[in-house]
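Participant: A structural model of the following input is requested.
(one chain, ligands or ions: 1)
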Amino acid sequence: MKITIVGTGFVGVVSAAVYASFGHTVFGLDVDEKKVEMLKQAQVPFFEPGLSELLQEQQSKGTLFFTTNYQESISQCEIIVIAVGTPSSSQGKVDLKYVYNAIESMAPYLQENTIVVLKSTVPPGTADTVIASIKAKSSVNFHVASMPEFLKEGSAVTDTLHPDRVVIGTDDTSVFAKLSELHQPMQAPIVQTSIASAQMAKYAANAYLATRITFINEIADLCETNGADIQEVITAIGYDKRIGSHYWYPGVGYGGSCFPKDVKELVAYSQSVNYMDSLLARVNSINDTRVYRILEKLEKSMAGFQQKKIAVLGLAFKPNTDDMREAPSTKVVPYLLEKGAIIKGYDPKALETAKQVLPQHENLTYTSSIEEAIHDADLIIALIEWQEIISYPFANQVATLPIHFFDARNQFNKNALQNAGYIYKGVGR
Ligand code: UGA
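Facilitator: Prediction:
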């Protein structure tokens, strides 16, 4: 098959490389010339394990191309996948301008019976306006389907090659057959739904996971009031098959480019259909302020942050990525600076992003190792569970002062750190 993927962000590049690895001819299309030039050299503009190697492999086989030219790519493809970003606008509502820009730019070059697949996360109802936009610029017969993406950053290649399921939103038998054939090599269950159900499934999956995390964060907070240990509680309830303990750790709140945005959008959507008493509105507001409540407690236990030397370890929003969208560090670092702390930040991959995203401040410097960051620190914050951070032998360091240690992901052995002289604080333990 010949496929164009419009948008070379996370989802676009990974999908393009994976479809090419199944033997199809794939064009990755983007309006950003600089990005396209990098991708042509198999250079990925962000860090994602295994992606650069996969790009190199497919490009050298001659099945994967990157271009800025709509006419060249769209006019020879039978499947067009829209994978552009759908950021939140300031009111929480999703901003679909990139989707419509892409649709308007590609519509004039569509061939007869092309399938246009919406992979970008868009609210139910978007397909109707997409169809109308295409019709305004093209007179060919075409189909629109929805295929939401469920990959996670940091494991995007593996998640795409081996998804838990593939959801294909279409009522058309021939479209379903074609898209099923495309995904056959993944050997995953294929679920056929309507377009609206596919789009709701995407929002529902992210909203459920975000709610589950918010729930366990609340139980963790309650544990702190009575001496219970949240990790023991998770193990105890996780054996119940209806609950399970997979993908369930408490922390300072969920972040990243998806959960906060999609929960906000579902809240905005609920309000637009007069569903005002939304559970998700509460999930969103609890998560937004959570990290500040935790920092206030920490601040009290240290008698303030003024002039305190603090090592912030883990600046990306999660391990194995340099993405800092809605990363906890983007709340933690400004808060600490505001309170007069002197910060050394460290991250295995996100230092360059951090220098652009975090405030420039005389009290904020970056280090190239954990050792340097924690040297002389009054407080160590292990914010993100990068392997390098969680396997660092903090307990073997000779603690010359009573050093405070905040384990924001409950990754460390509490007793070992306490025995080594740290004043340990986890989440819900
Ligand atoms: C998330 C979903 O997991 C993917 O299925 C989905 O495709 C993606 O959003 C998307 O919509 O594009 P992602 O944001 O890459 O993926 O990362 P996750 O690993 O799910 O983590 C999201 C946030 O939740 C992170 O801040 C993480 O630290 C936090 N989290 C996750 C917790 O606090 N506790 C957990 O138990 C799990």
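Participant: with adjacent residues omitted, what lies nearest to Leu161?
Facilitator: Leaving aside its chain neighbours, Leu161 sits nearest to Val18 (5.9 Å; criterion: C-beta to C-beta, 6 or more residues apart in numbering). No exception for glycine: its C-beta is placed from N, CA and C like everyone else's.
Participant: my bad, should have said Thr235
Facilitator: Thr235 sits nearest to Ser245 (C-beta to C-beta, 6+ apart), 6.5 Å away.
Participant: which element is the one you found on?
Facilitator: Under DSSP states H and E, no helix or strand contains Ser245.
Participant: show me which residues of the stretch 151-300 of the chain sit near the ligand.
Facilitator: By C-beta under 6 Å from any ligand atom, the residues of the stretch 151-300 of the chain that approach the ligand are 151-153, 206, 209, 213, 247-249, 251, 254-256, 258-259.
Participant: which two among the residues you listed are spaced furthest apart?
Facilitator: Leu151 and Gly251 (20.9 Å; C-beta to C-beta).
Participant: between those two, which one's more packed in?
Facilitator: Applying other C-beta atoms under 10 Å to Leu151 and Gly251 shows that Gly251 carries more neighbours, namely 26 against 20.
Participant: just read off the phi/psi values of that one.
Facilitator: phi -170, psi -150 (degrees, to the nearest 10).
Participant: one more: the one 3 residues further on?
Facilitator: When quoted as degrees, to the nearest 10, the phi and psi of Tyr254 stand at phi -80, psi 150.
Participant: which SSE is the residue of the stretch 1-150 of the chain found nearest the ligand in?
Facilitator: Closest residue of the stretch 1-150 of the chain to the ligand, C-beta to the nearest ligand atom: Phe150 (4.3 Å). Assigned by DSSP H and E, Phe150 falls within no helix or strand.
Participant: one more: Ala136?
Facilitator: helix 126-137.
Participant: residues in contact with that helix?
Facilitator: 96, 99-100, 103-104, 107-108, 110, 116, 118, 142, 144, 146, 195-196, 199 (C-beta atoms under 8 Å, 6 or more residues apart in numbering).
Participant: could you redo the last one with a cut-off of 10 Å?
Facilitator: With contact meaning C-beta atoms under 10 Å, 6 or more residues apart in numbering, helix 126-137 is reached by 82, 86, 94, 96, 99-100, 102-110, 114, 116, 118, 120, 122, 140, 142-146, 169-170, 194-196, 198-199.
Participant: buried among the residues you listed? Make that a PyMOL selection.
Facilitator: Selection of buried members from the contacts of helix 126-137 for PyMOL, criterion 16 or more other C-beta atoms under 10 Å:
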select buried, resi 82+86+94+96+99+102+103+105+106+107+109+110+114+116+118+120+122+142+143+144+145+146+169+170+195+196+198+199
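Participant: which ones among the contacts of helix 126-137 map onto helices?
Facilitator: 99-100, 102-106, 195-196, 198-199 (DSSP state H).
Participant: which residue ranges of this structure form strands?
Facilitator: For the chain, applying DSSP state E gives strands covering 2-6, 25-29, 64-67, 79-82, 114-118, 142-146, 166-169, 190-193, 309-313, 342-346, 364-366, 379-382, 404-407, 423-425.
Participant: so can I have JSON lines of those strands showing mean pLDDT?
Facilitator: What follows is the strands of the chain, written out as JSON lines (pLDDT from 0 to 100):
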{"stretch": "strand 2-6", "mean pLDDT": "98"}
{"stretch": "strand 25-29", "mean pLDDT": "98"}
{"stretch": "strand 64-67", "mean pLDDT": "97"}
{"stretch": "strand 79-82", "mean pLDDT": "98"}
{"stretch": "strand 114-118", "mean pLDDT": "98"}
{"stretch": "strand 142-146", "mean pLDDT": "98"}
{"stretch": "strand 166-169", "mean pLDDT": "98"}
{"stretch": "strand 190-193", "mean pLDDT": "98"}
{"stretch": "strand 309-313", "mean pLDDT": "98"}
{"stretch": "strand 342-346", "mean pLDDT": "98"}
{"stretch": "strand 364-366", "mean pLDDT": "98"}
{"stretch": "strand 379-382", "mean pLDDT": "98"}
{"stretch": "strand 404-407", "mean pLDDT": "97"}
{"stretch": "strand 423-425", "mean pLDDT": "96"}
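Participant: rebuild those as TSV, extending it with distance to Glu299.
Facilitator: Formatted as TSV, the strands of the chain follow (distance: least, C-beta to C-beta, whole Å):
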stretch	distance to Glu299
strand 2-6	47
strand 25-29	47
strand 64-67	48
strand 79-82	46
strand 114-118	45
strand 142-146	46
strand 166-169	45
strand 190-193	48
strand 309-313	11
strand 342-346	14
strand 364-366	18
strand 379-382	10
strand 404-407	11
strand 423-425	12
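Participant: for Asp221, which of those is the nearest?
Facilitator: Per C-beta to C-beta, nearest to Asp221 of the strands of the chain: strand 423-425, 12.9 Å.
Participant: list the neighbouring strands of that closest one plus their orientation.
Facilitator: strand 404-407 (parallel) (DSSP bridges).
Participant: is there proximity between the partner strand and the ligand?
Facilitator: No - against the ligand, strand 404-407 shows no contacts by C-beta under 6 Å from any ligand atom, the least distance being 13.6 Å.
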